[in-house]
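> take this sequence and fold it.
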Amino acid sequence: MADKTLVCSNCGKEFIFTEGEQEFYKEKGFENEPKRCPDCRKARKIQRNKQKIV
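A predicted model of the protein is given here:
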């Protein structure tokens with residue numbers, strides 16, 4: 001496995017899906033690659049958590 005360059009579906013920015021992240025996804029049984037860059041994933045997680053509180 002090698003690092004992959006992916007494009008964020010949210011902001012359109014390119015990001016690296018590292019070999020280590022790919023291994024982690026595989027171990028967890030995830031079949032799809034991430035669609036969002038780390039910044040957008042973090043922002044979405046914060047937004048989801050805010051909605052749960054309200």
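> contacts only, for the most centrally placed residue in the chain.
The structure's the chain has its C-alpha centroid closest to Pro34; by CA atoms, centre = their mean the separation is 4.0 Å. With contact taken as CB atoms under 8 Å, 6 or more residues apart in numbering, Pro34 is in contact with Leu6, Phe17, Glu21, Tyr25, Arg41. Heads up, the C-betas are built off the backbone N, CA and C, glycines and all.
> again, only this time at 10 Å
Shown here is Pro34, whose contacts under the criterion CB atoms under 10 Å, 6 or more residues apart in numbering are Leu6, Cys8, Ser9, Phe15, Phe17, Glu21, Tyr25, Cys40, Arg41.
> tell me how far Ile16 lies from Lys45.
Distance from Ile16 to Lys45, counting by CB to CB, to the nearest Å: 19 Å.
> same deal with Gly12?
20 Å.
> neighbours around Cys37, how many?
Residues contacting Cys37 under the criterion other CB atoms under 10 Å number 21.
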